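Student: Here you go, sequence then predicted model.
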Amino acid sequence: MRKNIVAGNWKMNTTLQDAQALVSEIVHMVQDEASSSPAEVVICPPFPLLPVVGRLLPEGGKLHLGAQNCHQKESGAFTGEVSAKLLASIGTEYVILGHSERRQYFHEDDELLSQKLKAALAAGLKPIFCVGESLETREADETFRFIEKQLKDGLFHLSNEEFAQVVIAYEPIWAIGTGKTATSAQAQEVHAFIREQVARAYDAEAATNTTILYGGSANAQNARELFSQPDVDGGLIGGASLKSRDFTEIIKSF
């Protein structure tokens, strides 16, 4: 059975003091209020806060540490970058790759992301690989073609064994930070399409076992309906992950 996952992407938010308070609240609430939820929880703070947050997460529990990005090289003269090997060495388990903001603002393409995937997997990290379309692409009725290309060019070069470690996140770019959210039917339609592409590239077992998250402004109000869809296995949560009560309510939505 594939995992249900709720991952919180803090982006470039929080200070040291904010992070300590927030993660302490989340740990307390998840243990006390969301203990019956089947979801695995991933917290993805900014790079400098990874060790701090990691030390506050109970060992062997449902809360796991994730990073928001990594470099494609193991080491070298890449000022300001962070390697997957370094992330793994401080206890990071997951890493987000290909987020729409990385693609848009830092011009990361599928060729580069395919290299980052290899680096992350070689270091023992579990990638959360993001795909999704812009409003212009959706309005041009090119959503499926666009996502199919992202999957083929960025992800489907992996072996079966490597691919088994990957989580996919569908994030409609038009619904990130805009207050808009895809309807549960729209999310299900694209998630089912992604699972179909996985089956074609690998096999039916891989498709069945792949966790596919929804990443388009999911919140405490719409999470239950989104997560009730057969191919929506959780969420990659942005703004709502910075509010401990909202984040816990999302985790409890399963």
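Tutor: Looks like it arrived, so ask away.
Student: got the phi/psi numbers for the residue lying farthest from the centre of the chain?
Tutor: The centre of the chain is farthest from one residue, residue 77, which by C-alpha atoms, centre = their mean lies 28.0 Å away. Dihedral angles of residue 77 (phi, psi; degrees, to the nearest 10) stand at phi -90, psi 70.
Student: need the helices for the stretch 51-200 of the chain, in chain order.
Tutor: In the stretch 51-200 of the chain, the helices defined using DSSP state H, counting those that start in this stretch lie at 84-89, 100-105, 110-122, 135-139, 143-154, 160-163, 184-201.
Student: Would you mind putting those into JSON lines with mean pLDDT, distance to residue 55 and mean neighbour count alongside?
Tutor: C-beta here means a position set from N, CA and C on the backbone, and glycine is covered the same way. Converted to JSON lines, the helices of the stretch 51-200 of the chain look like this (pLDDT from 0 to 100; distance: least, C-beta to C-beta, whole Å; neighbours: other C-beta atoms under 10 Å):
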{"stretch": "helix 84-89", "mean pLDDT": "98", "distance to residue 55": "14", "mean neighbour count": "20"}
{"stretch": "helix 100-105", "mean pLDDT": "94", "distance to residue 55": "27", "mean neighbour count": "17"}
{"stretch": "helix 110-122", "mean pLDDT": "97", "distance to residue 55": "22", "mean neighbour count": "19"}
{"stretch": "helix 135-139", "mean pLDDT": "89", "distance to residue 55": "41", "mean neighbour count": "14"}
{"stretch": "helix 143-154", "mean pLDDT": "97", "distance to residue 55": "33", "mean neighbour count": "18"}
{"stretch": "helix 160-163", "mean pLDDT": "98", "distance to residue 55": "30", "mean neighbour count": "14"}
{"stretch": "helix 184-201", "mean pLDDT": "97", "distance to residue 55": "35", "mean neighbour count": "18"}
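Student: and residue 193, what is it in contact with?
Tutor: 144, 147-148 (C-beta atoms under 8 Å, 6 or more residues apart in numbering).
Student: how close does it get to residue 187?
Tutor: Distance, residue 193 to residue 187, using C-beta to C-beta, to the nearest Å: 11 Å.
Student: All the strands of the stretch 151-254 of the chain, in order from the start?
Tutor: 167-170, 212-214, 234-237 (DSSP state E, counting those that start in this stretch).
Student: can I assume residue 217 is in contact with residue 175?
Tutor: Yes: contact between residue 217 and residue 175 holds when scored by C-beta atoms under 8 Å: they sit 5.0 Å apart.
Student: So what's the gap between the lowest-mean-pLDDT helix or strand in the chain and the chain middle?
Tutor: Every helix and strand in the chain was compared by mean pLDDT, DSSP states H and E; the lowest is helix 135-139, with a mean of 89. For helix 135-139, the gap between its own C-alpha mean and the chain's C-alpha mean amounts to 22 Å (C-alpha atoms, centre = their mean, to the nearest Å).
Student: Check stretch 47-63 too.
Tutor: Offset of stretch 47-63 from its chain centre (C-alpha atoms, centre = their mean): 17 Å.
Student: Same check on stretch 39-54?
Tutor: Relative to the centre of its chain, stretch 39-54 is centred 13 Å away, using C-alpha atoms, centre = their mean.
Student: re earlier: what touches both of residue 217 and residue 175?
Tutor: Common neighbours of residue 217 and residue 175 (criterion: C-beta under 8 Å, 6+ apart): residue 181.
Student: I'd like to know how far residue 210 sits from residue 250.
Tutor: 21 Å.
Student: Of the two, which one has the most company?
Tutor: Set residue 210 next to residue 250 and count neighbours by other C-beta atoms under 10 Å: residue 250 wins out with 30 against 21.
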